[in-house]
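A.B. asks: Show me the folded form of this:
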Amino acid sequence: MPSGDEIRNAQRATWAGLSASWEKWDSVIMDQLGPVGTAMIERLGIAGDQQHLDIAAGTGEPGLSVAALAPRGHVVLTDLSAEMLDIATRRANAQGITNVETTVCSADDLPFSDATFDSISVRFGYMFFPDVAKATAEFARVLKPGGRLCSSVWVEPGENPWTTIAMQAIAAEAVLPPPDPDGPSMFRCAAPGYVSALYEAAGLRDVAEWNVDVELVTQSPAQYWEMISEHVSLAAAALQQVGEPARQRIAEAVIAQAAAYEEGGKVRIPGVARCIIGTR
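C.D. replies: This next block holds a predicted model:
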């Protein structure tokens, strides 16, 4: 079992390597995940002077949207990857958002004083933290009394064909290590109540969770495959293990399955996320 530092170092290298692809596909990814960010922000109740922390912010959402809603406030975007936060900075500059700053740090060792923030968002970061309980305790520590924490995770794979279509095709050609149920993986937090229990153990109250539907929209089945193969970390890593003939077979299988989701000249593949809210 690798140590927390070993996991974080590997994750840092992975996300640095994927950052260019995330920037390339930014508009498609943001459209897909936008409904989740919107749902989180609604429950957080953002005020004009909000002091907000966005954990595992990646390329900047939902933190940048919070910053736009809180012109007299301040938003801190954190992530393990400096390269991903560089994209967030470019997106903020392009949108004219100036009340943000970025900090490279681990979620379970935050460089902030107790009771600093009115709210915290963690969109699709929880499942990758080496120590989810320690990270949650950190979130509770830096929240002000009455402050809210809202996170999102993916529900079970069967409800998320936008990613399982590709991963099943890859698994037919490449040896994928079984996910450690207690280690970082995309569906680690899928079980109902998993994150809620972490919140409650950290002393949060009024904990609630709800599901949000998403849709990955691309211009064609081929574009769907191109996008998934370039920006989903597990897919990109697995494809490096196989030769060109296997990659071609995977691509053909994925494109054929994605074609079943064509509608109105576009490919629309569904998914479901779970949001979890709690109050300090």
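A.B. asks: Are we agreed that R188 is in a helix?
C.D. replies: No. Assignment of R188 by DSSP: H, G, I helix; E, B strand; the rest coil gives coil, placing it outside any helix.
A.B. asks: quick one: it and P181 touch, right?
C.D. replies: Yes. Contact status for R188 versus P181: in contact at 7.2 Å, counting by C-beta atoms under 8 Å. Using the backbone N, CA and C atoms, a C-beta is placed for each residue, glycine as well.
A.B. asks: Those two: which is more packed in?
C.D. replies: Higher neighbour count among R188 and P181: R188, with 20 against 8, using other C-beta atoms under 10 Å.
A.B. asks: Chain neighbours aside, what residue packs nearest to the more buried one?
C.D. replies: M127 (4.3 Å; C-beta to C-beta, 6 or more residues apart in numbering).
A.B. asks: what do you get for A39?
C.D. replies: V212 (4.8 Å).
A.B. asks: what's the answer for A56, then?
C.D. replies: That would be G125: by C-beta to C-beta, 6+ apart, it lies 2.6 Å from A56.
A.B. asks: cool, E159 as well?
C.D. replies: V272 is the one closest to E159 (C-beta to C-beta, 6+ apart), at 4.2 Å.
A.B. asks: what residues are up against the one you found?
C.D. replies: 154-155, 159-160, 211-214 (C-beta atoms under 8 Å, 6 or more residues apart in numbering).
A.B. asks: in the sheet, who's paired with it?
C.D. replies: D213 (DSSP bridges).
A.B. asks: where along the stretch 101-250 of the chain do the strands fall?
C.D. replies: 117-123, 143-154, 205-218 (DSSP state E, counting those that start in this stretch).
A.B. asks: Is it possible to get the ones you listed out as JSON lines so that each row also shows mean pLDDT and mean neighbour count?
C.D. replies: Converted to JSON lines, the strands of the stretch 101-250 of the chain look like this (pLDDT from 0 to 100; neighbours: other C-beta atoms under 10 Å):
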{"stretch": "strand 117-123", "mean pLDDT": "98", "mean neighbour count": "26"}
{"stretch": "strand 143-154", "mean pLDDT": "98", "mean neighbour count": "21"}
{"stretch": "strand 205-218", "mean pLDDT": "98", "mean neighbour count": "16"}
